[in-house]
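In: Give me a model of this one.
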Amino acid sequence: MEFELTASMMCANYAHLEDEIKNLEEGGIDSFHIDIMDGRYVPNYAMSLNDMRYIASAAQKPLDVHLMVEHPNNHIGLFLNCLRKGDTVYIHPEAEYHPSTTLQAIINAGMVPGIAINPGTSVETVMEMLRIVKKVLVMSVNPGNAGQMYLPYVGKKITKLLALKEDMDFEIYWDGACSADKILEYAPKGVRGFVLGTTLLFGRDRPYGETLRRIRELEF
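Out: The predicted structure is shown next:
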């Protein structure tokens, strides 16, 4: 069973960020998840444009950028100019008047377009955008803070998306409270990737490589 693992860099040790990036890459991480928060769309400030720019310059693996900001199209060029072709950019449909315009700008820049779906957002309200995007980031917690509890009703939303993904040509990614049992349950069902934060990856008393190996060796 193959699945992707991406490191939630808002949980990294910023006193040793260069080492964090190196150790994660050597340990086998697939990409770096960058949470940009503006304090308006979500009640928190997290990573900045400069944080993202530095990680993009220091990392060899792709970036997975999650824009939790109001009206991302107003400043989308600032983010896209820091990234490399093939990196992923997620927007929240509720945060934009015309989200398809923002997604088209991401596509035109050579990036992978994605949407993030909050726990309170129904699949039906984003149906048309599922035909545009290549990735859907399903939030299993309310966006804005690390270390939250999993909201179990999100599982039914993932079931709906799994039934649509082949026809609409997108992949599903899990973000929030990602534990081993969630990977064991949802990777075999077709969820492609999982964002790892404090639940499984950061703050452990072992090297990242060992933690990532243990996750990949889960028995299905």
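
In: ok, now which ones touch Gly190?
Out: By CB atoms under 8 Å, 6 or more residues apart in numbering, the residues touching Gly190 are 162, 165, 172. Where you see a C-beta, it was placed from the backbone N, CA and C, and this is true even at glycine.

In: Can you identify each of the helices in this protein by residue range?
Out: 17-27, 49-58, 76-80, 99-108, 154-168, 180-186, 208-216 (DSSP state H).

In: between the contacts of Gly190, which is nearest Arg53?
Out: Among those, Ile172 lies closest to Arg53 (CB to CB), at 28.3 Å.

In: tally of neighbours for the residue lying closest to that closest one once chain neighbours are set aside?
Out: Ranked by CB to CB, 6 or more residues apart in numbering and with sequence neighbours excluded, the top spatial neighbour of Ile172 is Val191, at 4.9 Å. Neighbour count for Val191, taken as other CB atoms under 10 Å: 23.

In: Check the one 10 residues further on too.
Out: Counted with other CB under 10 Å, residues neighbouring Leu201 total 24.

In: how about it, phi and psi?
Out: phi -110, psi -50 (degrees, to the nearest 10).

In: What of Glu70?
Out: phi -80, psi 140.

In: thinking Arg202 is in contact with Ala12, fair?
Out: One correction, residue 202 is Phe, not Arg. Yes: with contacts counted by CB atoms under 8 Å, Phe202 reaches Ala12, the gap being 6.6 Å.
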